[in-house]
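Student: with the input below, show me the fold.
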Amino acid sequence: MAGLSKSMIEKCREKLLAARAEILNRVKSTRHDLYAEDKGGDEADQTVRTMAESETLSMHERLRFKLQEIEFALSRIESGTFGYCEETEEPIEADRLLAIPWTRLSIEGAEIRESMQKRYAR
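Tutor: Numbering: from 1, shown residues only. Have a look, this model is predicted:
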């Protein structure tokens, strides 16, 4: 971990743990709201409820993905590979890690990956 100081890694760990706790609280809260609702009503009420449930499930999927990335980042801290770009193998910019501590890519690495995805998407 020569690229990052111990204090920087600790700041990122704290941000990751706080983000994980916040996601888990949001999931718990929305699940409770989702299952606590009255299931009655006319056809329009049921349609609105179905649409809201669908949006909640989509949000849960996005949160699950983010939670998975956070867990991966925490495991990279433990293994000593945190802060290095998966694409370029260079240290990730400190400002980027503070903004998105679960990121796996430097700005350069993200640009490389994006250009590859565009190339093969056609």
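Student: for the lengthiest helix in the chain, which positions count as buried?
Tutor: Counting by DSSP state H, the longest helix found in the chain is helix 43-79. Neighbour counts using 16 or more other C-beta atoms under 10 Å place R49, H60, L63, L67, E69, I70, A73, L74, R76, I77 of helix 43-79 among the buried residues. Yep, even glycine has a C-beta here, placed from its N, CA and C like the rest.
Student: just give the nearest non-adjacent residue to the third one, would you?
Tutor: Just to be clear, that refers to L63. I23 (5.2 Å; C-beta to C-beta, 6 or more residues apart in numbering).
Student: could you do the last one as well?
Tutor: Leaving aside its sequence neighbours, I77 sits nearest to R13 (C-beta to C-beta, 6+ apart; 5.7 Å).
Student: likewise the fifth one?
Tutor: In space, E69 comes closest to W102 once its chain neighbours are excluded; the distance is 4.2 Å by C-beta to C-beta, 6+ apart.
Student: that older thread, how close does the residue nearest to I77 get to P101?
Tutor: 8 Å (C-beta to C-beta, to the nearest Å).
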